[in-house]
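> Predicted model follows, preceded by the sequence.
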Amino acid sequence: MAPRRERPKRRRFSAEFKAAILAEYEAADRADRGAILRREGLYASNIIEWRKAAAAGAQAGLGPATRDRRDKEIEALRARAEKAEGELARTRAALDLVGKAHALLETLSESAEPAKRSRQ
C-alpha cells in the first residue's frame, strides 16, 4: 500500500500582506504584474477579490475570514448562555415554590396531629 499523502494546507494571508501586494501590483507596469503574481504564487482572482474589499473600504475585509466565524460562534454562545440563565431562573423559582409547598404541608400535618390524638 502506498503511503498516504498529506493534504495541502490552505494558505492564509494577513491584511498587511494583502495591502502590500495590492500596492505593489497597482504600482507595477502591466508587464511586471504577472511576475509579481508568479513570485508570490498568487492568481489574478486573489488581486480582484482584495481590490474589491479595499474599494469597499473594508480594511477588515482584507483580514482573514476566521474573525466572522469567531464572532458568529461568540454570539451563538452568548445566546446559549442567556437561554441557560433563563432556564436556571425558572428552575430556582420552581424549587422555591416546591420548598414553600413542602413547608406548608408540614405545618398543616403538624397542626392536624394533635387533633387526631385528642379524639382517641
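Sure thing, it's come through.
> Please make it C-alpha for all contacts and neighbour counts, starting now.
OK.
> Domain-wise, how is the chain divided?
13-64, 76-120 (automatic domain parsing).
> so how many other residues sit close to Trp50?
21 (other Cα atoms under 10 Å).
> Assign a three-state SS to it, would you?
Assigned by DSSP: H, G, I helix; E, B strand; the rest coil, the conformation of Trp50 is helix.
> how close does the residue nearest the centre of the chain get to Ala19?
Compute the mean C-alpha point of the chain, and by Cα atoms, centre = their mean the closest residue is Glu73, 1.3 Å away. Separation of Glu73 from Ala19 (Cα to Cα, to the nearest Å): 28 Å.
> if we can go back for a sec, ok, and which of the domains of the chain has the densest surroundings?
Ranked by mean neighbour count, the domains of the chain are led by domain 13-64 with a mean of 14 (mean count of other Cα atoms under 10 Å).
> Please enumerate the helices of the protein.
Under the criterion DSSP state H, the chain carries helices at the ranges 15-27, 30-40, 44-55, 66-119.
> Great, nothing more from me.
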